[in-house]
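[1] what's the 3D shape of this:
(one chain, ligands or ions: 1)
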Amino acid sequence: MFPEGARQSRERISRSLRLGICGVRPVWKFVQISDPHFAAQTDGCGNNLLIHSKMPEIVACLRRDLQALNPEFLLVTGDLAAYESRDAVYAARDMLDSLGVRYYPIGGNQDFQGPRARAWFIEAYHDHLPTPDTVYSFTHQNLHVAVLDPWWRWEDGSLCPHREDVKPAYRWSIPPHQFDWLREDLARNPVTPTVVALHYPVVPLPGRLKWDRMLEPESLENGQILREFLAMFPQVIAVMAGHAHMHYAVQDSHLVHVVTGALAEYPIEYRVIDVHDDRLEIATKGLSDETFAAHSLTPNGAGAAGHECDRNLVIPFRQSSAMTA
Ligand SMILES: [Fe+2]
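    Below you'll find the model as predicted:
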């Protein structure tokens with residue numbers, strides 16, 4: 001329909017607009033939210049109150065705030081539903097759909113408990129997953145994102161995708177085949193700046209953020225092994241996680257671990273990630289309606305918001321990864 005010259009001209013104009021007239025890519029943004037615990041029947045109590053019953057109003061406020069921010073996508077790092085059932089998976093999916101922004105869902109310990117959980121997840125989120133799997137990756141503009149799905153460590157030491165009937169003190173671990181998958185995925189994308197995303201923090205909560213009688217969040221059982229693995233891939237600049245219901249950030253050798261608090265619990269905030277040509281700039285934002293956070297806060301729980309260094313940070317791309325077009 002179009003002559004070849006006209007097609008090439010349109011592509012050149014499109015690329016110029018995308019990269020800017022000086023070859024500098026315009027800043028774009030995405031948002032990380034975590035642990036919304038949709039579809040809960042009751043409120044709960046962690047280090048602060050889990051105000052599950054307010055989630056419809058919180059989502060309505062977040063929808064308005066996101067319209068003003070206009071992110072290109074949301075990264076939702078787990079515990080999408082508060083309990084496991086097929087209805088809860090779909091209720092959570094409908095709430096996320098109502099935000100009106102493209103999103104990538106990641107399962108957490110509340111989502112992936114029983115043997116049928118991942119099938120429900122893939123069925124419900126089919127339109128949002130790049131491939132019909134809970135382990136996947138995608139590239140958006142100049143950023144690659146690789147999503148992992150840790151398994152449950154049973155009492156006998158075996159590693160299984162679902163938990164046992166009676167819950168002992170569980171840990172979670174990346175199974176060996178996902179290391180293989182990640183190695184191949186990173187080898188296919190050797191220079192694109194990359195974020196690894198999963199539900200569980202890879203690094204423990206820093207001592208500077210602990211307080212007496214707090215509910216201390218768990219981290220990945222083989223987190224140290226994953227840290228040493230990621231150190232071999234300079235294009236990996238950040239790991240983004242949830243689960244802790246607290247904000248914290250930890251600098252590793254050449255990447256930063258960004259752990260984001262729960263949307264259902266104080267401080268009820270999310271991360272806005274501005275993606276530049278040479279860096280990520282991460283800012284932590286609360287809802288425009290501050291009454292939700294005030295309602296959730298308990299006398300001892302203010303530490304869940306983290307320190308300034310946990311809330312606003314700049315993550316530079318390494319030289320080799322900043323050169324990708
Ligand atoms: Fe959670």
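
[2] Ile315 against Ile282, yeah?
    Yes: contact criterion C-beta atoms under 8 Å: Ile315 and Ile282 qualify, at 6.9 Å. The way it works is simple: take the backbone N, C-alpha and C, and place the C-beta from them, glycine included.

[3] who's in contact with Phe229?
    If you count contacts by C-beta atoms under 8 Å, 6 or more residues apart in numbering, Phe229 has them with Phe179, Leu182, Arg183.

[4] and the closest residue in space to the second one that isn't next to it in sequence, what are its bridge partners?
    Think Leu182. In this structure, Leu182 finds its nearest non-sequential neighbour in Ala146, 6.0 Å apart by C-beta to C-beta, 6 or more residues apart in numbering. For Ala146, the beta-bridge partners are Ser137, Val196 (DSSP bridges).

[5] Show me where the stretch 51-200 of the chain has its helices.
    Using DSSP state H, counting those that start in this stretch, the helices of the stretch 51-200 of the chain run over residues 55-69, 86-97, 117-124, 176-188.

[6] Turn these into a markdown table, columns for distance to the ion, mean neighbour count and mean pLDDT.
    Shown next, in a markdown table, are the helices of the stretch 51-200 of the chain (distance: least, C-beta to the ion, whole Å; neighbours: other C-beta atoms under 10 Å; pLDDT from 0 to 100):
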| stretch | distance to the ion | mean neighbour count | mean pLDDT |
| --- | --- | --- | --- |
| helix 55-69 | 13 | 16 | 97 |
| helix 86-97 | 12 | 19 | 97 |
| helix 117-124 | 15 | 19 | 97 |
| helix 176-188 | 21 | 14 | 98 |
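
[7] could these go into TSV alongside distance to Gln251?
    Converted to TSV, these look like this (distance: least, C-beta to C-beta, whole Å):
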stretch	distance to Gln251
helix 55-69	26
helix 86-97	31
helix 117-124	32
helix 176-188	20
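
[8] so which of these gets nearest Cys160?
    helix 117-124 (12.0 Å; C-beta to C-beta).

[9] For Leu75, see how far away Val101 is.
    Counting by C-beta to C-beta, to the nearest Å, the gap from Val101 to Leu75 is 11 Å.

[10] Overlap in contacts, these two.
    In contact with both Val101 and Leu75: Val31, using C-beta under 8 Å, 6+ apart.

[11] Which one of those two is surrounded by more residues?
    Leu75 (24 against 19; other C-beta atoms under 10 Å).

[12] what's the nearest residue to the more buried one if we skip its chain neighbours?
    With C-beta to C-beta, 6+ apart, the residue lying closest to Leu75 is Gln32, at 4.7 Å.

[13] partners of the one you found in the sheet?
    As for beta bridges, Gln32 partners with Leu75, Arg271 under DSSP bridges.

[14] per-residue confidence at it?
    pLDDT, Gln32: 98.

[15] where's it relative to Tyr104, distance?
    Per C-beta to C-beta, Gln32 is found 10 Å from Tyr104.

[16] where do the contact lists of the two overlap?
    Joint contacts of Gln32 and Tyr104 (C-beta under 8 Å, 6+ apart) are Leu74, Leu75, Val76.

[17] Out of those residues, which comes closest to the ion?
    Val76 (11.8 Å; C-beta to the ion).

[18] The closest one: how many residues sit nearby?
    29.

[19] before we move on, what about Asp79?
    Other residues close to Asp79 by other C-beta under 10 Å number 26.

[20] And Asp277, by the same measure?
    So Asp277, with other C-beta under 10 Å, has 17 neighbours.

[21] Show the pLDDT at the residue nearest to it when sequence neighbours are not counted.
    Leaving aside its chain neighbours, Asp277 sits nearest to Arg25 (5.1 Å; criterion: C-beta to C-beta, 6+ apart). Note on Arg25: pLDDT of 71.

[22] how many neighbours does Arg25 have?
    Arg25 has 15 nearby residues by other C-beta under 10 Å.

[23] That one contacts Asp274, correct?
    No: assessed by C-beta under 8 Å, Arg25 is found out of contact with Asp274, at 11.8 Å.

[24] what residues are up against Gly59?
    Rather than Gly, residue 59 is Val. Counted by C-beta under 8 Å, 6+ apart, Val59 has contacts Pro36, Met95, Ser98, Leu99.

[25] farthest-separated two in the residues you listed?
    The span of those, defined through C-beta to C-beta, is set by Pro36 and Ser98 at 11.7 Å.

[26] Which one of the two is surrounded by more residues?
    Per other C-beta under 10 Å, whichever of Pro36 and Ser98 has more neighbours is Pro36, with 26 against 13.

[27] The ion contacts on the stretch 1-150 of the chain?
    The stretch 1-150 of the chain comes close to the ion at residues Asp35, Asp79, as judged by C-beta under 5 Å from the ion.
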